[in-house]
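S.K.: Sequence first, predicted coordinates after that:
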2 protein chains.
Amino acid sequence: MTTIYDVAKEAGVSPMTVSRVINGKRGVKPETREKVLKAIEKLGYTPNSLARSFVLQKTHTIGLIISDITNPFFTTLARGVEDTAMGKNYSVILCNTDEKPEKEQIYLEVLARKRIDGILLASSTGKKSTLKTIFLRNIPLVLIDRKIEGLDNVDVVKGDNVFGAYLLIKNLIDLGHRRIGIILGYKHISTFYERLEGYKKALMEANLPIDDTLIKFGKPSKDSGFKLTMELLNMPNPPTAIFGGNNFISIGVMIAIRELGLKIPDDISLVSFDDIEVMSQVYPFLTVISQPAYSMGVIATELLIRRIEDKDKIKEKREIILKPELIIRESVRELKMVES
Amino acid sequence: MTTIYDVAKEAGVSPMTVSRVINGKRGVKPETREKVLKAIEKLGYTPNSLARSFVLQKTHTIGLIISDITNPFFTTLARGVEDTAMGKNYSVILCNTDEKPEKEQIYLEVLARKRIDGILLASSTGKKSTLKTIFLRNIPLVLIDRKIEGLDNVDVVKGDNVFGAYLLIKNLIDLGHRRIGIILGYKHISTFYERLEGYKKALMEANLPIDDTLIKFGKPSKDSGFKLTMELLNMPNPPTAIFGGNNFISIGVMIAIRELGLKIPDDISLVSFDDIEVMSQVYPFLTVISQPAYSMGVIATELLIRRIEDKDKIKEKREIILKPELIIRESVRELKMVES
DNA sequence: CTGAAAGCGCTAACAC
DNA sequence: GTGTTAGCGCTTTCAG
């Protein structure tokens, strides 16, 4: 393989000069630069960034760990990360954990070994023990979308789940709903327990009772949403409205409702945390909380890179909370005076 | 940073022994291995795969270049790639080109510099000139989903676009449609010109004329699909059916149709290449060609890794064509005897 | 079963 | 403006 030495010999200069040319450092005579460039071209030389990273102890690569590459929320976020990283000359290694803690663990280890410069993590473990290696090695870390319980000395960029859920439920209550089912993903993931918190907050504020049988935890998937909706709607005293805990869950809810021969919003109302991309474009009828996923990716990446390059004046860890947007459409029916 | 030397010192052995332990090589006395393991644990040592890759000239990493990370087709494919790669102990660097040739060029260069072991490419250039560096360096390459014109000595794993489009159009013709509009993405991308080929084939077989005003090229996006549908339906003699060239285009078509106050299939029929995930689950009404995206990822990755590890008996380049599936639903209306 | 020496390709730090 | 030296952390080869 052609190395910097081959180029040096060809150009009749020292390897160091070649290095300078490659890296666009100043202090090389134009004619010398020309000679080197010509040699590079002639030999078809491609710099070895492995070697470079090795000596510089800097890979110019960040790792992005998400829990579901199939989810538009995360891919939109990933685009924000990618665009920003590329703009600052960083590469991104995208890792998909499929919500499996073991995969997250493996990726964290792999990334640490690869000596990436920093990590963006949407954790599917929700536990800090997974991060042992990262802390040990002092790898810059920014949590994204999901925070980790009991971990406060780490940067976080996330949505306001409590407030978003609160808005959604308040809207339902204002329209007369009293029994509202909520279908969530994993109990240990912050997005979900925070959304539950917002749900409870809205109910309590309206002096409505919190009925545990209306609260369902499962997986953040279509199938789980489907199954739990069936459970809710087969109760003796079913809810008049359902809150889908994320986009995929809401899809499952919709399928279940259709399968039961019911109509939204005539028979049952539905609100969702996270918009359902395609649906909202073709049939914009679902009332949702929409989060700025792309911006979330951009902001987290900017923060991470500032940390990596130590350009951040503020040393304290930051928690950046992005405001969600309530989009009212037509999936909620107004209920007339229902006994409470 | 802790190195293999620190561990060696701590354990009272040579670096070489530590290396053997880390890599699970046999020929180390169990007690020695224990000592080393203990030292690793104590010092919190994480092997540096940068250094390892550097000497081994092998990164155990492959690059996956796709044109739209937002498209479920590609993310599903990416999952297939990822799962397979991880199973064989390879990491994946996912690169999103946004259909921009410049980005593809940059990524190719970055990946070559990073000395990744192989590349999976869904090209958005459609030109082989972009691949100069790759060929020069003899980096194993597998084209995925899209082939490149005039490039025959490279492995390809793709769907049968001609046949898929043919099936879709034949179905329309059989149901009485004579004027069928087709909305495609870029002209220079194989998926699209092949789908056009299938379209023409079906028409010719039925002795129907090919009307160029019914053939629209644009971008593989919702907005482009929308715009071109408007053009088609505002023609003096509009088509009775539209063929959406990919999932995103078809979404645009649907929006345009709705915006014109028309109904599918009553006023206009629609078929799509690629299913529209969410829609098909919630409202399964669109007749589509569905491709095995996940399998495509799996197969391409297996092929690539076999090439990398040179385990492939067959030296000739392969073109693997995956069969698409026609899913007939309710977006096509049967037309009674229309004059041809 | 274990170790010593050399080198992978590059750059920082210092000479000239 | 340019070159020399040394070393980043690891593994291969060969000796013991």
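M.R.: Cool, got the structure.
S.K.: check contacts around the residue sitting furthest away from the middle of chain A.
M.R.: Residue farthest from the centre of chain A, counting by C-alpha atoms, centre = their mean, is A:Gly12 at 50.9 Å. By C-beta atoms under 8 Å, 6 or more residues apart in numbering or on different chains, the contact list for A:Gly12 reads A:Lys35. For the C-beta atoms, the positions are set from N, CA and C on the backbone; glycine is no exception.
S.K.: what's the answer for A:Lys170, then?
M.R.: Here A:Lys170 is in contact with A:Ala202, A:Glu205, A:Ala206 (C-beta under 8 Å, 6+ apart).
S.K.: which of these has the most neighbours?
M.R.: A:Ala202 (23 neighbours; other C-beta atoms under 10 Å in any protein chain shown).
S.K.: Find the nearest non-adjacent residue to A:Thr76, please.
M.R.: Leaving aside its chain neighbours, A:Thr76 sits nearest to A:Ala293 (4.0 Å; criterion: C-beta to C-beta, 6 or more residues apart in numbering or on different chains).
S.K.: who touches the one you found in this structure?
M.R.: Counting by C-beta under 8 Å, 6+ apart, A:Ala293 touches A:Pro72, A:Phe73, A:Phe74, A:Thr76, A:Leu77, A:Gly80.
S.K.: Check what pLDDT it gets.
M.R.: For A:Ala293, the pLDDT comes out at 98.
S.K.: And it, how close does it get to A:Leu270?
M.R.: 21 Å (C-beta to C-beta, to the nearest Å).
S.K.: got it, and A:Lys128?
M.R.: Noted for A:Lys128: a distance of 35 Å to A:Leu270, by C-beta to C-beta.
S.K.: got it, and A:Ile321?
M.R.: Using C-beta to C-beta, one gets 26 Å for the distance from A:Ile321 to A:Leu270.
S.K.: Quick one: mean pLDDT for the helix or strand harbouring A:Ser224?
M.R.: Per DSSP states H and E, A:Ser224 falls inside helix A:222-233. Taken as a whole, helix A:222-233 has a mean pLDDT of 98.
S.K.: low pLDDT regions in chain A?
M.R.: Filtered on pLDDT under 70, chain A yields the residue ranges A:337-340.
S.K.: how about the residues of it near DNA strand C?
M.R.: Applying C-beta under 7 Å from any atom of the strand, we find that chain A lies next to DNA strand C at A:1, A:3-5, A:15-16, A:19, A:22-23, A:47-48, A:51-52, A:54-56.
S.K.: re the thing from before, the helix holding A:Ser224: what's the following helix or strand?
M.R.: Using DSSP H and E, the helix or strand that follows helix A:222-233 in sequence is strand A:241-244.
S.K.: quick one, what contacts the residue in the stretch 151-300 of chain A that DNA strand D sits nearest to?
M.R.: As assessed by C-beta to the nearest atom of the strand, DNA strand D sits closest to A:Val154 within the stretch 151-300 of chain A, at 25.1 Å. Shown in contact with A:Val154 (C-beta under 8 Å, 6+ apart): A:Leu141, A:Val142, A:Leu143, A:Ile148, A:Lys317.
S.K.: The fourth one contacts A:Gly126, correct?
M.R.: Yes: under the criterion of C-beta atoms under 8 Å, A:Ile148 lies in contact with A:Gly126, with a separation of 5.9 Å.
S.K.: shared neighbours, those two?
M.R.: With C-beta under 8 Å, 6+ apart, A:Ile148 and A:Gly126 have common neighbours A:Ser190.
S.K.: Spell out whether stretch A:247-260 and chain B are in contact.
M.R.: Yes: applying C-beta under 8 Å from any C-beta of the partner chain, one finds stretch A:247-260 in contact with chain B at A:Ile251, A:Met254, A:Ile255, A:Arg258.
S.K.: Endpoints of stretch A:134-142, how far apart?
M.R.: 11 Å (C-alpha to C-alpha, to the nearest Å).
S.K.: Now do the helices in chain A.
M.R.: A:4-11, A:15-22, A:30-43, A:49-56, A:72-87, A:101-113, A:132-136, A:161-174, A:190-205, A:222-233, A:247-259, A:277-282, A:293-308 (DSSP state H).
S.K.: Okay, buried residues for the fourth one please.
M.R.: If I follow you right, that is helix A:49-56. A:Ser49, A:Leu50, A:Ala51, A:Arg52, A:Ser53, A:Phe54 (16 or more other C-beta atoms under 10 Å in any protein chain shown).
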